[in-house]
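Asks: Give me a model of this one.
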Amino acid sequence: NTENDPYVLQSLHQMATTQLRKKADHVYTENARYYGEIDYSHNVVMDTLNGVGKYGSRPVDYRVEIIANTIRYQIMHVFALAQMEVVREKCVAKNIDGLDGARHGWDHVAALLIGSLEGTQEGGSLDLEDGQLSWNLANKRSFQFNTM
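Replies: Now for the predicted structure:
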């Protein structure tokens, strides 16, 4: 980041360990209680990368899936829920416009939930199975359960 850069970059480590996760109270609290630790998703990723813990002795392809899905469906999901609460609070405070306003915040939340929808047309891909994060999971399950 530079002084003239209006964007804030966030690492997966920051998303997985920030106190902001507490704003996603119902999901974060239940997961922390289930795993018995507050940085549960960060620790799953790091332990699996380091070949220790619950998944450390599993084959590499299995560990890759554990890491990718923990990032997609725990770290990113909980962080997106927390960001939704931040944006909701901005709406209540009538902080709507500007880079710190709710409009920009909702775009940020959408990016966290959808990921990338590449494509040659404006608006991205028309492929409903495109995207990387919760959006893609929802689309996969809708086809699986024939609800699309």
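
Asks: Could you tell me the end-to-end distance of stretch 71-82?
Replies: Chord length of stretch 71-82, first to last residue, is 15 Å (C-alpha to C-alpha, to the nearest Å).

Asks: buried ones in it?
Replies: The neighbour-count check on stretch 71-82 (16 or more other C-beta atoms under 10 Å) flags 71, 72, 74, 75, 76, 77, 78, 79, 80, 81, 82 as buried. For glycine as for every other residue, the C-beta is placed from the backbone atoms N, C-alpha and C.

Asks: just stretch 97-106 next, same as before
Replies: For stretch 97-106, by 16+ other C-beta under 10 Å, it's 101, 102, 105, 106.

Asks: And for stretch 41-52?
Replies: For stretch 41-52, by 16+ other C-beta under 10 Å, it's 41, 42, 43, 44, 45, 47, 48.

Asks: Please apply the same query to stretch 85-96.
Replies: Applying 16+ other C-beta under 10 Å to stretch 85-96 flags 87, 90 as buried.

Asks: ok so, going back, among the buried residues of stretch 97-106, which one has the lowest pLDDT?
Replies: Ranked by pLDDT, the buried residues of stretch 97-106 bottom out at residue 101, which scores 82.

Asks: Backbone dihedrals for it, please?
Replies: Note on residue 101: backbone dihedrals following degrees, to the nearest 10 are phi -90, psi 170.

Asks: re the thing from before, so can I have CSV of the buried residues of stretch 71-82 showing secondary structure, pLDDT and distance to residue 140?
Replies: Shown next, in CSV, are the buried residues of stretch 71-82 (DSSP: H, G, I helix; E, B strand; the rest coil; pLDDT from 0 to 100; distance: C-beta to C-beta, whole Å):
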residue, secondary structure, pLDDT, distance to residue 140
71, helix, 91, 17
72, helix, 86, 12
74, helix, 90, 17
75, helix, 93, 19
76, helix, 90, 16
77, helix, 89, 15
78, helix, 92, 20
79, helix, 93, 21
80, helix, 92, 18
81, helix, 92, 20
82, helix, 94, 24
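
Asks: I'd like the buried residues of stretch 41-52 laid out as TSV, including secondary structure.
Replies: Output for those, formatted as TSV (DSSP: H, G, I helix; E, B strand; the rest coil):
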residue	secondary structure
41	helix
42	helix
43	helix
44	helix
45	helix
47	helix
48	helix
